[in-house]
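> my questions concern the predicted model and sequence given below.
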Amino acid sequence: MSNLNPKPELVECKSGTAETPVIEAYPVRTAELGGGLSVQRALPHHERRLVGPWCFLDHFGPASFKTGKPMDVPPHPHIGLQTVTWIIAGEVLHKDSLGNEQLIRRGALNLMTAGNGIAHSEETPPRHSGRLHGVQLWTALPADRRKGAAAFDHYPALPAAGFGACRAVLLMGSLGAQHSPAAAYSPIVGAELSAERDGSAEVPLEPAFEHALLLIEGSAALEGEALAPDRLYYLGVGRERLTLALRSGLRLMLIGGAPFGESILMWWNFVARAPEEIAEARSDWEARRRFGEVSTYSGERLAAPAFVGRLKPGG
Ligand code: MN
């Protein structure tokens, strides 16, 4: 994914953590992704920009199509973050400047660690099922990893566990006794929670983590309160479990982690600490330095927007 806003804002993301369990609902907004695909962007929100290391959460689809290419994000750069791509239905083809080309479908995870810099494209492949539904999240890399080497990993299968009526697939980090093989650089959890029957569930949580929930489809109630589909629910820290009532067909994303502890700057597709780093990454992209080329993508790469370097007021 890429931020396609022609005038992206420079935002400071403070690790502002509730010290107790809370339930705060933040509205999700619609953003355009190119190719005619609109996405529901749950993070960053101007009042809630980090949940653990998670700093970005896009939900795309569900979409059905017979012709065209609903996802077509040309080559663009990233620094200082990981992209975590999880597909619910359909296919996405990833290509990057390390030479990786990876089709992703339901059940697999694509994890790209940008470090000091990588470029990638993401598109609907020529042969497809005519469906597209998924999420892409970003994690902020901590100080000791954010300038390291770029990497791309594909995990064809992930661990899963049952908690009452809930099935949890673990994308990142740990949940209960399950541990994801995906490379993470700070204490984290990312999981898909689903239900194929009505029922209830107690999902164990790490009390030292802050957490958030996003309803993807179906219906559920958290501690007796129905979850709305267009809200990100921030849950604070200190929770030992999620107490859920589930309806068959439910799908939720659970994200969390240790409070990140560092304030980050986000602009366009970059996560950094100082405006100078963002300006340098931008000019490196424009001058075709640092990031390499996605040589197998047919089409132009994305041009960087102008960088003003002024923090969004109230940021
Ligand atoms: Mn991207």
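That came in fine, so what should we check first? Only a predicted model underlies this, so the values are computations on that prediction, with no experimental measurement involved.

> separation between the residue nearest the centre of the chain and Arg290?
Geometric centre of the chain, nearest residue: Leu137, 0.4 Å, by Cα atoms, centre = their mean. Going from Leu137 to Arg290 by Cβ to Cβ, to the nearest Å gives 24 Å. Any C-beta I mention is one placed from the backbone N, CA and C, and that applies to glycine too.

> ok, which stretches of the stretch 201-315 of the chain are helices?
Taking DSSP state H, counting those that start in this stretch to define them, one finds helices in the stretch 201-315 of the chain at 275-286.

> give me the low-pLDDT residue ranges for it?
313-315 (pLDDT under 70).

> burial of the residue of it found nearest the ion, as a residue count?
Nearest residue of the stretch 201-315 of the chain to the ion: Asn269, at 5.7 Å (Cβ to the ion). As a burial measure, Asn269 scores 27 neighbours (other Cβ atoms under 10 Å).

> tell me how far the residue lying closest to it once chain neighbours are set aside lies from Glu122.
Setting aside the residues directly before and after it, Asn269 is nearest to His78 in space (Cβ to Cβ, 6 or more residues apart in numbering), at 4.9 Å. Going from His78 to Glu122 by Cβ to Cβ gives 12 Å.

> could you do Arg282 as well?
Counting by Cβ to Cβ - Arg282 and Glu122 are separated by 20 Å.

> before we move on, what about Trp86?
13 Å.

> now the strands for the stretch 1-150 of the chain?
Taking DSSP state E, counting those that start in this stretch, the strands of the stretch 1-150 of the chain run over residues 11-13, 21-27, 29-32, 38-43, 54-64, 72-78, 81-90, 92-96, 101-104, 109-113, 118-123, 131-140.

> is it true that Glu210 touches Gly236?
Yes - here Glu210 reaches Gly236: they are 6.0 Å apart, a contact under Cβ atoms under 8 Å.

> can you pull the residues that touch both of the two?
17-18 (Cβ atoms under 8 Å, 6 or more residues apart in numbering).

> higher neighbour count, these two?
Glu210 (29 against 17).

> quick check: bridge partners of that one?
Applying DSSP bridges to Glu210 yields these beta-bridge partners: Val237, Gly257.

> is it true that Pro275 touches Gly309?
Yes - using Cβ under 8 Å, Pro275 makes contact with Gly309 at a distance of 4.6 Å.

> give me the neighbour count for Leu276.
Wrong residue type there; residue 276 is Glu, not Leu. Glu276: 10 neighbours (other Cβ under 10 Å).

> separation between it and Ser283?
Distance, Glu276 to Ser283, using Cβ to Cβ: 11 Å.

> next, count neighbours for Leu214.
Leu214: 24 neighbours (other Cβ under 10 Å).

> that one: what's it in contact with?
So Leu214 contacts 28, 42, 57, 59, 231-233, 252-253, 255 (Cβ under 8 Å, 6+ apart).

> now with 7 Å?
42, 57, 59, 232, 252-253 (Cβ atoms under 7 Å, 6 or more residues apart in numbering).

> most neighbours among those residues, which one?
Within the contacts of Leu214, neighbour counts (other Cβ under 10 Å) peak at Ala42, which reaches 29 neighbours.

> surely that residue and Arg29 touch.
No - assessed by Cβ atoms under 7 Å, Ala42 is found out of contact with Arg29, at 8.4 Å.

> grab the nearest non-local neighbour of Thr296.
Distances taken as Cβ to Cβ, 6+ apart place Lys95 nearest to Thr296, at 5.4 Å, with adjacent residues excluded.

> that neighbour contacts Ser295, correct?
No - counting by Cβ under 7 Å, Ser295 is not a contact partner of Lys95; they are 8.5 Å apart.

> between these two, which is the more surrounded one?
Remark: of Lys95 and Ser295, Lys95 carries more neighbours, 20 against 9, as counted by other Cβ under 10 Å.

> can you give me the distance of the more buried one to Gln102?
8 Å.

> okay, now the closest residue to Ser180 other than its chain neighbours: neighbour count?
Among residues not flanking Ser180 along the chain, Leu170 sits closest, at 4.6 Å (Cβ to Cβ, 6+ apart). The number of residues packed near Leu170 is 23, by other Cβ under 10 Å.

> elements contacting the strand or helix carrying Leu170?
Using DSSP states H and E, Leu170 falls within strand 166-175. Secondary-structure packing of strand 166-175 (3 or more Cβ pairs under 7 Å, 6 or more residues apart in numbering; DSSP states H and E): strand 81-90, strand 160-163, strand 188-195, strand 199-204.

> my guess is Ser186 contacts Ala258. True?
Yes - with contact defined as Cβ under 7 Å, Ser186 reaches Ala258; the gap is 6.4 Å.

> now the element after the strand holding Leu170, going C-ward?
strand 178-179.
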